[in-house]
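> what's the 3D shape of this:
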Amino acid sequence: MAQDNCQKIKLLKLVEMLRQETDETHPMTTMVIVDRLNKMGISCERRTLSKDIALLNEQGFEVMICRVGKEKGYYVADRSFSLPELKILIDAVQAASFITEKKSQELISRIVNLGGSHSAELLKRNMVCFNTRKHSNESIYYNVDALEDALQHKKKVSFRYFDIGINKEKIYRKDKQHYNVEPVALVFNEDNYYLVAYSAKYDGTANYRVDRMDSVEVLEERVSERALGFKGDIAQYTEQAFKMYGGSLETVVLEFDYRLIGAVYDRFGESTDMIAFNDKAVATVNVQLSPTFWGWLFQFGSQMRIISPTSVIEEYNKKLEMLKNE
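Numbers count the residues shown, from 1 in each chain. This next block holds a predicted model:
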């Protein structure tokens, strides 16, 4: 039994060593492996190592064999993530402002280690920190965990909600009273996580920034069937509520310079249909007529205008006139 345990420990350490310290360009030779294991107090001989490697391959670990000079070399090539994939994950963490600086560093360290020590060295060397707008709420991870648990078990949640004051202090809404809501979905939008929740009082949904919550608690009470019904429409709801939120829904035809094609795709998605018309591009989009939409539109000045419907054109002209008179 003791011999079996020693063999299991040897195989575990061997897998750990190969996964963490080898790749196609950094194989580990038989002599190095034997020496490393012996220094750990784990008995290993050159003549038995090839049998250990064969056993690992039989179990699906895919240890590759090559020649390093006159010796055999071993390495693990197949990893869960490639180097470019790890780079994308790291950049996503750095760009996400809702993840605090401390949590970002912890998460990046874990991602880096997924690629092994040699990839980790390369990733760290090429790392550029570019988000200086990180939030300070360290409980964001715990909030997401609690909200995911509530969504999975279809339970209501309770939390306090706050804004940030001029001196970076928390200013609680409702005099620190708890919000009791029915979770519908967690949505990531424009560097922030939002909880989409159903309110029975208003028979509609509301959005809450997860980094502006504290004292999040999963309640025993189940969410209503009405709340569950919103889950089926969540994709359409988020498209409306987060891209151009806060007003009546309208189908609008936009005419704009070719140079703004990318901006329209960025806002409404690359599935947006466009046609060429009078040396301009024209697209039909669904928006909510809100300050967010008008602010997005007016930034382009004369390079973009609404050409349909008439009611929205009239509203557009009124707002344009107001801006001229300010």
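> So what are the sheet partners of the host helix or strand of Tyr208 and their directions?
Using DSSP states H and E, Tyr208 falls within strand 204-209. Applying DSSP bridges to the sheet, strand 204-209 is found paired with strand 192-199 (antiparallel).
> what's the average pLDDT for the partner strand?
Strand 192-199 shows a mean pLDDT of 85.
> which residues of the stretch 51-200 of the chain fall in helices?
Counting by DSSP state H, counting those that start in this stretch, the stretch 51-200 of the chain has helices at residues 83-95, 101-113, 116-125, 140-153.
> how far off helix 140-153 does the strand holding Tyr208 point, in degrees?
Comparing the axes of strand 204-209 and helix 140-153 via axes from the mean of the first three to the mean of the last three Cα atoms, to 10 degrees yields an angle of 150 degrees.
> Next, the buried residues of strand 204-209.
Neighbour counts over strand 204-209 (16 or more other Cβ atoms under 10 Å) mark 205, 207-209 as buried. For glycine as for every other residue, the C-beta is placed from the backbone atoms N, C-alpha and C.
> Just give me the closest of the residues you listed to Lys280.
Within these, the smallest distance to Lys280 is 34.6 Å, found for Asn207 (Cβ to Cβ).
> Would you agree the closest one is in contact with Tyr194?
Yes. Counting by Cβ atoms under 8 Å, Asn207 does reach Tyr194; the two are 4.6 Å apart.
> related to what we said a few turns ago, dump the buried residues of strand 204-209 to TSV, plus distance to Val68 and pLDDT.
Shown next, in TSV, are the buried residues of strand 204-209 (distance: Cβ to Cβ, whole Å; pLDDT from 0 to 100):
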residue	distance to Val68	pLDDT
Thr205	61	81
Asn207	57	87
Tyr208	57	91
Arg209	54	88
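> TSV for those, including distance to Lys102?
TSV is the format used below for the buried residues of strand 204-209 (distance: Cβ to Cβ, whole Å):
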residue	distance to Lys102
Thr205	32
Asn207	26
Tyr208	23
Arg209	19
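> buried residues in stretch 139-155?
For stretch 139-155, by 16+ other Cβ under 10 Å, it's 139-140, 143-144, 146-147, 150-151, 155.
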